[in-house]
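Predicted model and sequence follow; I will ask about them next.
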Amino acid sequence: MTHPADLTRRTLLVAGGAGTALALAACAPGGDGASTGAGTDQGTATPTEVAVLSDVPVGGAIAVMFDGAQIIVSQPTAGEVVAFSAICTHQGCIVVPEKKGLNCPCHQSLFDTATGAVLQGPATDPLPEVTVTLDGDKVLAG
């Protein structure tokens, strides 16, 4: 029999099965699966600059990286920014900003650049929002 002091994290994961793995994942930073800072104390998170406002076309969007994942930053009207996950809610492909909206090249779902809402299926759910703010000309996420 193994003494508890001899157990490694790997041994615990193997011995404890999926329940232990889920418990450890939930306790890890970002373990809730959210890349937007949801479930964390927003007062202690340091916002990350993800874009410069002048690089985001008014009425359009750009793709940028944030927290290891691609997001879409949009400027619906001059000086207003919003952001969404770039992962299509249909089957997980990465959407691409185009003039007509955020297009999923895999199955042609189309999302609104200002709201993330589905404009054309097969996707039925909107793109999840990512919290962004402006600090002068800097677009900050997180």
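Thanks, I have the structure now. These numbers were taken from a predicted model, which means no experiment stands behind them.

From now on I want contacts and neighbour counts done on CA atoms only, so please keep to that.
Will do.

Now residue 117: closest residue in space that isn't a chain neighbour?
residue 126 (4.4 Å; CA to CA, 6 or more residues apart in numbering).

per-residue pLDDT, the one you found?
pLDDT recorded at residue 126 is 96.

All further residue positions should be reported with the first residue as 30.
With 30 as the first residue, the last one maps to residue 155.

tell me the contacts of residue 155?
For residue 155, the contacting residues are 118, 140, 145, 146, 147, by CA atoms under 8 Å, 6 or more residues apart in numbering.

what residue ranges in the protein are flagged as low confidence?
Counting by pLDDT under 70, the chain shows low-confidence ranges at 30-73.

Got phi/psi on residue 82?
phi -50, psi -40 (degrees, to the nearest 10).

just the strands in this protein please.
Secondary structure of the chain (DSSP state E): strands located at 77-81, 90-95, 98-103, 111-114, 125-127, 130-132, 139-140, 147-149, 158-159, 161-164, 167-170.

could the ones you listed go into a markdown table alongside mean neighbour count?
Converted to a markdown table, the strands of the chain look like this (neighbours: other CA atoms under 10 Å):
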| stretch | mean neighbour count |
| --- | --- |
| strand 77-81 | 17 |
| strand 90-95 | 19 |
| strand 98-103 | 23 |
| strand 111-114 | 24 |
| strand 125-127 | 18 |
| strand 130-132 | 25 |
| strand 139-140 | 26 |
| strand 147-149 | 17 |
| strand 158-159 | 18 |
| strand 161-164 | 16 |
| strand 167-170 | 20 |
